[in-house]
Every structure is written in C-alpha cells, then in structure tokens.
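Engineer: need the 3D shape of this:
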Amino acid sequence: MRRLLLLSAALLSACAVGPDFERPAPPAAQTYMTQPLPPQYEAARDIPADWWTLFRSPALNKLVAAALANNPTMDAARAALVQSRELAKAQYAAFFPVLAGGFDASRSKNANLSIANPTNAPTAYYSLYTAQLNLSYMPDVWGANRRAVEAADAAAEQNRFQLEATWLTLSSNVVVTAIAEASLRGQIDATERLMAIASDLTDKIRRQKAAGAASELDLLAQETLEAQMAANLAQLRKQLAQTRDALTALLGRPSVEEPVERFTLDDIEPPDQLPASLPSRLVEQRPDVRQAEEQMHAASAAVGIAISDMLPQFAITGGLGSSALKAGELFNPGNGFWSVGGSLTQTLFDAGALLHKRRAADAALDQAAALYRSAVIAAIQNVADSLHALREDQAAFEASAKAEKSGKAAFDLTRRQYAVGAVPLVMLLNAEQTYQQAEIALVSARATLYSDVAGLFQALGGGWWNRPEETP
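Structural biologist: Numbering: from 1, shown residues only. Predicted structure coming up:
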C-alpha cells in the first residue's frame, strides 16, 4: 500500500503535457488618439465601482441599484457563474479514487441435467447474495486531469467576467436611458413653450386678418408652423413613453409598474474630471477582454488534454466483498473475496482520430488568440471613439448654446419690431422657427454630451474591480 501511495504521488507530481498558459503582453500604446487629451481628463484617475454616482443624481443612483438587484439578466448571469463554478469543483474529483458500493441479490435455477451445479446445494434452485466495494483510480500521469481542471476554472472565470459585463452594461443602459428621458422632457418643454408663442402669434394674425392688416396667406403660414410643432410634440411624447417603458424593463418590472422618478437634464450633472486610463490598463479593466483571455486559457488547456489522450492510459482497480447463498451468512468467515489490478492502454490505430483532435485543439487555440487580439483592438477603438465623441460633442454643445442664445435674442427683437410694424410677418416666422430649432438642438446636444460621459465610463470598464467580488 505504501508503494502504491508513493507511486501515485510521483505520478501526480509529473509535468502536465501541453503548453503552459501565459497571459498576453499588454498593448504598448500610451494613448488612444493622436490629439492630446483636454485638461479635464486624468490618465491616472481610477474609476469607482458605483461610477454613476458621479452624475450627482440620487434618483439615478436608486434606479441603478434597483436594476442591478432585480433585472433577470443579472440573475441569469449569476446562475451561469454558480453552474460553472460547481462544474469546476466537480472536475477536481478526477484527482481522487472512485469508491462504489453495491449489493446484489438473485434467485436462479441451474440447468442441472446438462451443467454442473455451481453450489453445494442438492437442489437446482438457489439464491446468491453479494456485497462488494469497488475502487477505481486513473493516475494523472500526463496531466490530463490537471489540464481539465485548468479548463474548467477558466470557464468559470469566463462566466465571472460575463457577470461583470452584464453588470456594466445594465448600469450603463440605466444611465443612458435616464439621460434620454431627460433629453426628451427638455425637448417637450421647449416645444410646448414655442407652441404657446406660436398660438399667441396665430391669434394675433387672425385678429389682424379680421382687421385687414394681414392676408389669408399669412394666417395659413402661421397655422402650418403651429401644426408642425404639434406633430413634432406628439412624436416626442411617444418617444418619452417608450423610453419610460425601456427604463421600467431595465428595472425588471412590467410597463405598468414604471418608477416614480422623473429625470430632467438639470437633475443630472456629469463629473468635472473624467478618467482616461492607459491601454495597458484597459486589458485588465474590460470584462470582455478578460473573458476573451480566459477563453484562450481554456483553449490552451484543451491542447494538453488532446496530447495526453494520445499517450498510454493507466488505471488501477480493486475490489473487496463477500458472497453467500443465504443473506444471514453473507459476512461469515470464508465468504469474502478481493481483487486488485492495473492496466495500461495505448491506442494503436484509430484512423488518425486522436491526431486530428490534437490539430483541432491547436487550431482552436490559434482562434482564441486571434479573438483575444480582436477584443483588445475593439476595446481600444471603443475608448478612442468615446474620447473623440466627447471632444467633438463638447464643441457641438458650446456652439449650440451660442446658437440658442443668439436665436432667442433675434426672436425677441424681431417680435418687438413686428409689434410696431417694423418688419414683415415672414421675418417673424423665420426668427421663430430658427429659435425653435436652436433651443431643441441645445437640449439634444447637452443630452448627447452626458451620454458620451456615460459611454466613456462603460468603455473603460466601469470600475467593477473596485467592488467586492459577487458571491452568488
């Protein structure tokens, strides 16, 4: 027995065949774009786990927490993680012997006229009772079990990072949807204010027409503009209702249970300083990149398993039991039996099946490596796109603010001039329409800029590494 244990220990300490996985080197790039970052970006700034709190909206914080707690996609991701971890633990059992116990009872009749009686009983009928323990063990000579455990652990890590990706995507979707709601409310408010102005002008032109100071064409033009505003307002209200439905669904609720929280752009304030971690850190922070890395890890372990299948396979078996013709005599002296044995099996011909499986595992590893590189490139592109969007949308927001201010001033001046008959109606209508478009464009530009900030946090990984690992 001692020699058997020593032999098992020696076999277990042998090296596992196949490649030992090494994490890929991080990208050497030091920035995401050729232009320098504006001063409000801090390359060394870390991202908090609850990054959405930087928007300084208690209502938004409440909804993100509710979504993370109740959205079914989070429950599904948690269940997948539990499943993969349990399967990984089950794989560890391959390092230990399997011990099985059994009890058999049978009643038989012997063909005593042609075959000798297998018992000492004088009758052809007999009962047989057997109790037995069977032990089987396959020493991990080539490291196949170790590679299988490595692959199972990598699969569990994939699901862990899938959970983190779900957490990040869900929180980002809540933030972006809340900003979309705020944008639509701002556009609706602006359109309603402009409709009130348009309604006043319509009434004034209608009175002027009655007095002979305005034509039918003037009245029709103003009524057309007012009707177009009404149609646009209906579309905005439809979009707001659908956005509220989307936000309610993110919370894991049916549409009739929409939250009481309402969002306007004045309720949401993005942070003044924004993070911009280096590409070398990005591969650590992005859940999708980490998931691709674990897929490559599992593929590397699969190569070792395929190689070990081509090598001799060892097995150790043993049995211990007792057998008797009567149940009460099952454990009497002399009724016991035992067996012990070992085997070695080597595939001599399989028409190349094992070789092709080995080559397929090599190709799968190459594929996983290529997919990892693709994930890294896509992650860097995602951050670069977010930075470019922030840069240009900030300029668009500033231009929209100037346009809205100028449009309002021009409309107010033109309205005063029209009241004293200094300008024709067509000039007033043009000023009104320009102001309307500028005010709605400003609301839209502001919301786009806020969404860009949320997109940057998502592109950089969302700070999941700064929260305790979730234990489903």
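Engineer: give me the phi and psi for residue 137.
Structural biologist: Note on residue 137: backbone dihedrals following degrees, to the nearest 10 are phi -150, psi 130.
Engineer: let me fix that: residue 19
Structural biologist: Dihedral pair for residue 19: phi -70, psi 140, per degrees, to the nearest 10.
Engineer: mind starting the numbering at 41 from now?
Structural biologist: Right, with 41 as the first residue, what we last looked at is residue 59.
Engineer: any idea what sits nearest it, other than its immediate chain neighbours?
Structural biologist: Nearest-residue entry for residue 59: residue 340, 5.4 Å, with adjacent residues in sequence omitted and distances by CB to CB, 6 or more residues apart in numbering. C-beta: built from backbone N, CA, C; applies to glycine.
Engineer: wait, that neighbour sits on residue 56?
Structural biologist: No: with contact taken as CB atoms under 8 Å, residue 340 and residue 56 are classed as non-touching, separated by 11.1 Å.
Engineer: common neighbours of those two, please.
Structural biologist: Common neighbours of residue 340 and residue 56, counting by CB atoms under 8 Å, 6 or more residues apart in numbering, are absent.
Engineer: circling back to that earlier point, can you tell me how far the residue nearest to residue 59 sits from residue 225?
Structural biologist: From residue 340 over to residue 225 the distance is 52 Å, taken as CB to CB, to the nearest Å.
Engineer: then residue 241?
Structural biologist: Residue 241 sits 25 Å away from residue 225, going by CB to CB.
Engineer: contacts only, for residue 311.
Structural biologist: When contacts are counted by CB under 8 Å, 6+ apart, residue 311 touches 94, 95, 493.
Engineer: swap in residue 279?
Structural biologist: residue 224.
Engineer: okay, it: pLDDT?
Structural biologist: Listed pLDDT for residue 279 reads 97.
Engineer: what of the one 10 residues further on?
Structural biologist: If you check residue 289, the pLDDT there is 97.
Engineer: pretty sure it sits against residue 298.
Structural biologist: No: using CB under 8 Å, residue 289 makes no contact with residue 298, being 9.6 Å away.
Engineer: coming back round to it: how about the contacts made by the residue nearest to residue 59?
Structural biologist: Neighbouring residues of residue 340 by CB under 8 Å, 6+ apart: 58, 59, 60, 61, 405, 408.
Engineer: now, these that are in helices?
Structural biologist: Among the contacts of residue 340, the ones falling in helices (DSSP state H) are 405, 408.
Engineer: the helices in the stretch 291-440 of the chain, which residues?
Structural biologist: Listed from the start of the chain, the stretch 291-440 of the chain has helices (DSSP state H, counting those that start in this stretch) covering 319-325, 327-349, 393-459.
Engineer: distance between the longest one and the chain's centre?
Structural biologist: I take that to be helix 393-459. With CA atoms, centre = their mean, to the nearest Å as the basis, the distance from the averaged C-alpha position of helix 393-459 to the chain average is 19 Å.
Engineer: ok, now the second one?
Structural biologist: Counting by CA atoms, centre = their mean, helix 327-349 is centred 20 Å from the centre of its parent chain.
Engineer: please save the CA atoms from it in PDB.
Structural biologist: Only the C-alpha atoms of helix 327-349 are listed here, as PDB (Å, rounded to 0.1, in the frame of the first residue of the first chain):
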ATOM      1  CA  PRO A 327     -14.700  42.400 -18.800                       C
ATOM      2  CA  ASP A 328     -15.000  41.400 -22.500                       C
ATOM      3  CA  VAL A 329     -11.200  41.400 -22.900                       C
ATOM      4  CA  ARG A 330     -10.700  39.400 -19.700                       C
ATOM      5  CA  GLN A 331     -13.400  37.000 -20.900                       C
ATOM      6  CA  ALA A 332     -11.500  36.500 -24.200                       C
ATOM      7  CA  GLU A 333      -8.300  35.900 -22.300                       C
ATOM      8  CA  GLU A 334     -10.000  33.100 -20.300                       C
ATOM      9  CA  GLN A 335     -11.300  31.600 -23.500                       C
ATOM     10  CA  MET A 336      -7.700  31.400 -24.700                       C
ATOM     11  CA  HIS A 337      -6.700  29.900 -21.400                       C
ATOM     12  CA  ALA A 338      -9.300  27.200 -21.700                       C
ATOM     13  CA  ALA A 339      -8.200  26.500 -25.300                       C
ATOM     14  CA  SER A 340      -4.600  26.200 -24.200                       C
ATOM     15  CA  ALA A 341      -5.600  23.600 -21.600                       C
ATOM     16  CA  ALA A 342      -7.600  21.700 -24.200                       C
ATOM     17  CA  VAL A 343      -4.400  21.300 -26.200                       C
ATOM     18  CA  GLY A 344      -2.800  19.500 -23.200                       C
ATOM     19  CA  ILE A 345      -5.800  17.200 -22.900                       C
ATOM     20  CA  ALA A 346      -5.600  16.300 -26.600                       C
ATOM     21  CA  ILE A 347      -1.900  15.500 -26.300                       C
ATOM     22  CA  SER A 348      -2.500  13.300 -23.200                       C
ATOM     23  CA  ASP A 349      -5.200  11.300 -25.000                       C
END
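Engineer: may I see the buried residues of that helix?
Structural biologist: Going by neighbour count (16 or more other CB atoms under 10 Å), the buried part of helix 327-349 is 327-349.
Engineer: could I get the average pLDDT for that helix?
Structural biologist: 97.
Engineer: what's the neighbour count on the nearest residue to residue 127 once chain neighbours are set aside?
Structural biologist: Spatial nearest neighbour of residue 127, excluding adjacent residues (CB to CB, 6+ apart): residue 192 at 5.8 Å. As a burial measure, the neighbour count of residue 192 was computed by other CB atoms under 10 Å and equals 22.
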